Every structure is written in structure tokens, then in C-alpha cells.
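Q: Have a look at this prediction, sequence included:
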Amino acid sequence: MYGLKSLFIGATALVAAASSVAAIPTSLSSTAKDVKPGDKFTVTVHTNSYIQNSEEYYVKFGLTPTGKYVGTALGANLLEGYDLVAIGKSKTAHGQFDLSLTVPSEFSGAAGNYTVTSAFFGTVGASGGLWTHSPNTTITIAK
């Protein structure tokens, strides 16, 4: 009987710990179609649970023609950046949150598909090691 009680207490502690596990940004999505220079659009940041503590401090977005995206480059057209601490998104749980971006009014690229790039800056683990992550998504720009 003692073993069953200990097992129950251990399982309860594990569930409580798992519910407080940090999450990291893992992908972006957007349904933006036919946006024009000067238009706002929404990007959804998807987060997944992560075994170590993590905290993101800042994210910067960019825009580059799809097919010319190179690894972690933001591209020549820089978009908004967000202080994730100031907007209450530096420590998130598994899920998602939305951010608003604007196609620069001086944007002169051709109509078509563009990759919305990102660079998240933060720390991870007990030692607070530096961490960057660069998920991206595609939008369609019209002229």
C-alpha cells in the first residue's frame, strides 16, 4: 500500500512540473494573401513545450523573396521588432500568439510569394545560455 501512495504522489508532482515547463517558438504561420505596401498583416508564433527553462527577449522580422531565403538571414526588407518582455510574451506556455506586421510602404519588390523571416533572441537552460531561433512563413504580396 505504501508503494502505491508514493507512486501517486510522484505522478502528481510530475504532472505539476510538466504543466510549468517552458515553451519555445518553433514555427510561424500567416494567412496573409494579396497584401500591398503599407498593409498590416498578422503572423502567428507557434510555441512548443521545452524540457529546459527558456526565455525569449526580442524578435525581429524581415521579408525576402521566396526562393532567395538563406538560412538565418532576415533579408533586405526589415519589418517590425518586438520587445517580448514588454508585451508579456517572454515566457510562454505551449500554444500560440499573434503579432502584427506591416509591409513597408516603400516596398518595391515584385508581386508574388515572400518569406517572412524572424530572429528570436533569448536564453535557455539553468546556465542561461544564449539562444537564437529563426522560423519563417510565406505571404503573398500584390501590387
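A: That came through fine. Numbers count the residues shown, from 1 in each chain.
Q: Could you give the bridge partners of Thr64?
A: In this structure, Thr64 bridges to Thr115 when assessed by DSSP bridges.
Q: Give me the neighbour count for it.
A: The criterion is other Cβ atoms under 10 Å. On that basis, Thr64 has 19 neighbouring residues. Glycine gets a C-beta too; all of them are placed from N, C-alpha and C.
Q: That one and Val85: what is the separation?
A: Shown here: Thr64 relative to Val85, a distance of 27 Å by Cβ to Cβ, to the nearest Å.
Q: Kindly report the same for Leu79.
A: 20 Å.
Q: who has more neighbours, those two?
A: When neighbours are counted by other Cβ under 10 Å, Leu79 comes out ahead of the other of Leu79 and Val85, with 21 against 14.
Q: Can you name the next helix or strand after the helix or strand of the chain with the lowest mean pLDDT?
A: Lowest mean confidence among the helices and strands of the chain (mean pLDDT, DSSP states H and E): helix 2-19, at a mean of 43. Remark: after helix 2-19, the chain's next helix or strand is strand 23-29, criterion DSSP states H and E.
Q: can you list the residues that contact that next one?
A: Contacts with strand 23-29, where a contact means Cβ atoms under 8 Å, 6 or more residues apart in numbering, come from 43-50, 54, 56, 59, 92-95, 116, 118, 120, 122, 124, 131, 133, 135-137.
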